[in-house]
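J.: Take a look and give me a structure for this.
(chains A, B, C and D)
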Amino acid sequence: MKILYFAWLRQRIGVGAEDLNKPACVTTVGELVAYLIEDKSKAYATAFREMEAIRVAVNQEYVSFDRQIENGDEIAFFPPVTGG
Amino acid sequence: MKILYFAWLRQRIGVGAEDLNKPACVTTVGELVAYLIEDKSKAYATAFREMEAIRVAVNQEYVSFDRQIENGDEIAFFPPVTGG
Amino acid sequence: MIKVQEQDFDVGGELAAMADGKTDIGAVVSFTGLVRDGGGSIRKMTLEHYPAMTEKRLAELEAAARKRWPLDEVLIIHRHGELSPGDRIVLVATASAHRQAAFEACNYLIDWLKTEAPFWKLEETQLGETWVDAHDGDAAAAARWK
Amino acid sequence: MIKVQEQDFDVGGELAAMADGKTDIGAVVSFTGLVRDGGGSIRKMTLEHYPAMTEKRLAELEAAARKRWPLDEVLIIHRHGELSPGDRIVLVATASAHRQAAFEACNYLIDWLKTEAPFWKLEETQLGETWVDAHDGDAAAAARWK
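T.: Purely as a prediction, here's the structure:
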């Protein structure tokens, strides 16, 4: 899986992109977030604290946190968008 | 009074503008039209035949045919507008 | 600002001038009307107008829009004289801090301009000259804003 | 047509190109969004985006607008990178035979772009950097079109 972070999520975690082999216990976006929060090597717990302010896209489409994910997916986390 | 004609009204009557000393019997726009139709020197009767398709402005403001007119007024007759 | 003129106008230059040097304008909305020739039969179009009334009505429309929406700038440019298919006829543009105000005011201005500004279109085809009829839909579009 | 780019764009040139050589377009409506600095405190704005998703979402929005309204042309240009107050950020333009279709489609596109296109604004003031919060009104504006 490729995981992307944008805006303040990117700043808090400290990287914009990372690769991860999907752990067997992770089948949904929500489980991926829970898995990341357990990892203390980066500030995931801080970044994902305001979950209601975080949007997720899988393969460039908006999805909800119960969306199933595969190892080949591109998963992006970001705050509500503010373009235009 | 100055009387102006635009678009097909101007073409039918043959002039775009003319001056007229307001006759005593003419007090409204409607009476002015009736007075002009009596005048056979120009094609007023033909021009004013389709009255429902004619708009009138007095001193550059849209008015109805019962509007009172004065000798100093500028009275314009024209078809529904088609600008923009 | 109201301009009634024979010559063409530069849309980009006009729109840039509306926001030039200002940093409190978030949105510029523009409407450009072009001479349309659906059937390919129009050779020429002549726009006649009533100059004294045109300026007066357009200024009144600008004032009405400014009263109704928070607008930083309003621009209406309307051409008259001889035009060809594809030529620009009219530009209506509004600038505001807020995009919805700019959209609504621009839409309002062109809707009312179509039913109130004293312009008349004469189309020339191979069959001769025809005065364009007013379009019922235009009156309905303007009435939405009452 | 979708363009996502760092450099500025030429509004007049882009709008003219949409109608160039065509005589069946009656209306071109454009929305230009500018970096706004109401309080005079913004020194710089940086637009971050998610390139693969931006292109995809904007293309989907264009397709949705074309399905809903009879449009001859659709243009969306969105900048990213460093901008200053007063700079152009986005241009949305629609061309149609009919003005109401052009107005509604342009309004629809910018409303949805604001809530769906993956861009984020970072403002730099004397006090430091702040990520701009999403505006509740934008979601409401987009929901009107459902």
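
J.: how many other residues sit next to the residue of chain A found nearest chain C?
T.: Nearest to chain C, among the residues of chain A, is residue A:84, at 8.3 Å (Cβ to the nearest Cβ). C-betas here are computed from N, CA, C, even on glycine. When counting by other Cβ atoms under 10 Å in any protein chain shown, one arrives at 25 neighbours for residue A:84.

J.: Setting the sequence-adjacent residues aside, check what's closest to it.
T.: Spatial nearest neighbour of residue A:84, excluding adjacent residues (Cβ to Cβ, 6 or more residues apart in numbering or on different chains): residue D:114 at 4.0 Å.

J.: Those residues of chain C touching chain B, which are they?
T.: Within chain C, the positions adjacent to chain B are C:33, C:47-50, C:52-53, C:56-57, C:78, C:89-90, C:110, C:113-122, C:131-135, C:138 by Cβ under 8 Å from any Cβ of the partner chain.

J.: and the helix or strand hosting residue C:62, does that touch chain D?
T.: Assessed by DSSP states H and E, residue C:62 sits inside helix C:51-68. No - judged by Cβ under 8 Å from any Cβ, helix C:51-68 and chain D are separated, with a smallest distance of 14.8 Å.

J.: go on, stretch A:70-80?
T.: Yes - Stretch A:70-80 lies within reach of chain D by Cβ under 8 Å from any Cβ, at A:74, A:76, A:78-80.

J.: For the spatially closest residue to residue C:12 that is not a sequence neighbour, give its distance to residue D:82.
T.: Spatial nearest neighbour of residue C:12, chain neighbours left out: residue D:12 (1.9 Å); criterion: Cβ to Cβ, 6+ apart. Note on residue D:12: its distance to residue D:82, by Cβ to Cβ, to the nearest Å, is 24 Å.

J.: Where does pLDDT dip in chain C?
T.: By pLDDT under 70, chain C has no low-scoring segment.

J.: And the helices in it, which stretches?
T.: Under the criterion DSSP state H, chain C contains helices at C:11-19, C:51-68, C:99-116, C:136-143.

J.: what do you get for chain A?
T.: Going by DSSP H, chain A shows helices at A:7-13, A:29-38, A:44-47.

J.: Which residue of chain C lies farthest from its centroid?
T.: The centre of chain C is farthest from one residue, residue C:127, which by Cα atoms, centre = their mean lies 28.6 Å away.

J.: need the contact list for it.
T.: Counting by Cβ atoms under 8 Å, 6 or more residues apart in numbering or on different chains, residue C:127 touches residue C:41.

J.: What sits closest to the residue of chain A found nearest chain D if chain neighbours are left out?
T.: Nearest residue of chain A to chain D: residue A:83, at 2.7 Å (Cβ to the nearest Cβ). In space, residue A:83 comes closest to residue D:119 once its chain neighbours are excluded; the distance is 2.7 Å by Cβ to Cβ, 6+ apart.

J.: Over to residue C:99?
T.: Looking at residue C:99 with Cβ to Cβ, 6+ apart, the closest residue is residue C:27, at 3.9 Å.

J.: any idea how far that neighbour lies from residue D:118?
T.: Distance of residue C:27 to residue D:118, given as Cβ to Cβ: 21 Å.

J.: Pull up the distance across stretch C:78-95, start to finish.
T.: 18 Å (Cα to Cα, to the nearest Å).

J.: ok, now stretch C:132-146?
T.: 26 Å.

J.: how about it, does it reach chain D?
T.: Yes - Stretch C:132-146 lies within reach of chain D by Cβ under 8 Å from any Cβ, at residue C:141.

J.: residue nearest the centroid of chain C?
T.: Short answer for chain C (Cα atoms, centre = their mean): residue C:90, at 4.0 Å.
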